[in-house]
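Chemist: Okay, predicted coordinates and the sequence, questions at the end:
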Amino acid sequence: MDGSSRTESALRTTLGGFLRARREERQPEQVGVERQIGRRVPGLRRDEVATLAGVSSEYYLRLEQGRGSAPSMQVLAGLARALRLSAAESDYLHRLAGHATPRRVAAFERPRAEIEAILRWWPGIPAYISDANLDVVVANDLMVAITDGRFRPGTNVLEETFNASGRGRLETWESQARDAVALFRYSGDETSARYGAILRRLSADADFLRFWGLQEVTLPRPSEITATIEGIGQLSISVRDFFVPELQGHMVTVFDAVPGSTADAFFRRVSDALRPPGDAHDV
């Protein structure tokens, strides 16, 4: 089996697991199916999904088992409708079936100085840029400083989320880690060696496997984190992720804080300490 065939086989297996997880997650009432007394099946039955999607039970079973050819666009639309998939879930399903543009970790075509200049749009605000596999490619000095180097070029956001310091600082770690895993599943380049290397390393972590087994996907979305910094106290930070068209699928992440808050004062103090002597630029 050549590399292309192995990749296609792996994607079919992943597609099957994703369908199974969504089927077991959806409840009959959510899709207009009457719940019978004494029903013991978690979620929906395969035949119920097949009927709702307009395919045979045998065909749907093969899909969950990762067998057979890739489903057509019409079948995928039926499955997305039957399982009440979100936009991100539907996009991910189409990608696994080969009917959407695959994620690719592209190199920047612009000079690095121009990319770094983008982060100067947010003076005094911690920010970094990551690729599809959540590898940090650019970070401003403030982000590097306030995270003790956890989010600096060359590190990986998902791996840093699961290291000891990440767990110890974040009171909201459980929800942050779960969202990070779902984002990695959605945005990651499944065909890249880097994606596989990240998966292999993190698969030794029981918490990662627990979240990965949920088969969840999500688009970047705003979140609030609560972190404890020694000597500073508890910080409430808003995390915002968004895509910039010029960055070829790379994502910009910024940390923000309510003006006058402990986090805002911390950001300002660190930013002032990083400023060159004699620089009176306001932040």
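Modeler: The structure has been received and is ready for your questions.
Chemist: Okay, helices next: where are they in this structure?
Modeler: Counting by DSSP state H, the chain has helices at residues 3-25, 46-53, 57-64, 73-82, 87-96, 112-119, 141-146, 157-161, 164-169, 173-187, 193-202, 206-212, 262-274.
Chemist: Lowest average pLDDT across the ones you listed?
Modeler: Ranked by mean pLDDT, these bottom out at helix 112-119, with a mean of 72.
Chemist: and the residue nearest the centre of the chain, what does it touch?
Modeler: In the chain, the residue lying closest to the centroid (Cα atoms, centre = their mean) is Leu183, at 0.9 Å. Contact analysis of Leu183 by Cβ atoms under 8 Å, 6 or more residues apart in numbering lists 134, 217-220. C-beta coordinates here come from the backbone N, C-alpha and C atoms, glycine included.
Chemist: Roughly how far does it sit from Leu214?
Modeler: Using Cβ to Cβ, to the nearest Å, Leu183 is found at 13 Å from Leu214.
Chemist: Paired strands for the lengthiest strand in the chain, with orientation please.
Modeler: In the chain, assigned by DSSP state E, the strand with the most residues is strand 233-243. Looking at strand 233-243 with DSSP bridges, its partner strands are strand 223-229 (antiparallel), strand 251-256 (antiparallel).
Chemist: which of those is buried the deepest?
Modeler: With neighbours taken as mean count of other Cβ atoms under 10 Å, the strands paired with strand 233-243 reach their highest mean count in strand 251-256, at a mean of 20.
Chemist: circling back: with respect to Glu48, which of the contacts of Leu183 is nearest?
Modeler: Taking Cβ to Cβ as the measure, Glu48 lies nearest Val217 of these, at 22.4 Å.
Chemist: got a list of what the closest one touches?
Modeler: Applying Cβ under 8 Å, 6+ apart, we find Val217 in contact with 88-89, 92, 182-183, 185-186.
Chemist: okay, now Pro220: neighbour count?
Modeler: 18 (other Cβ atoms under 10 Å).
Chemist: where does the closest residue to it other than its chain neighbours sit relative to Glu64, distance-wise?
Modeler: Sequence neighbours aside, Asp241 is the residue nearest to Pro220 in space, at 3.5 Å (criterion: Cβ to Cβ, 6 or more residues apart in numbering). For Asp241, the distance to Glu64 equals 32 Å [Cβ to Cβ].
Chemist: Just tell me which of the helices of the chain ends up closest to Gln248.
Modeler: Among these, the nearest to Gln248 by Cβ to Cβ is helix 112-119 (10.6 Å).
Chemist: Surely Asp141 and Leu274 touch.
Modeler: Yes. Look at Asp141 against Leu274 with Cβ atoms under 8 Å: they come within range, at 5.1 Å.
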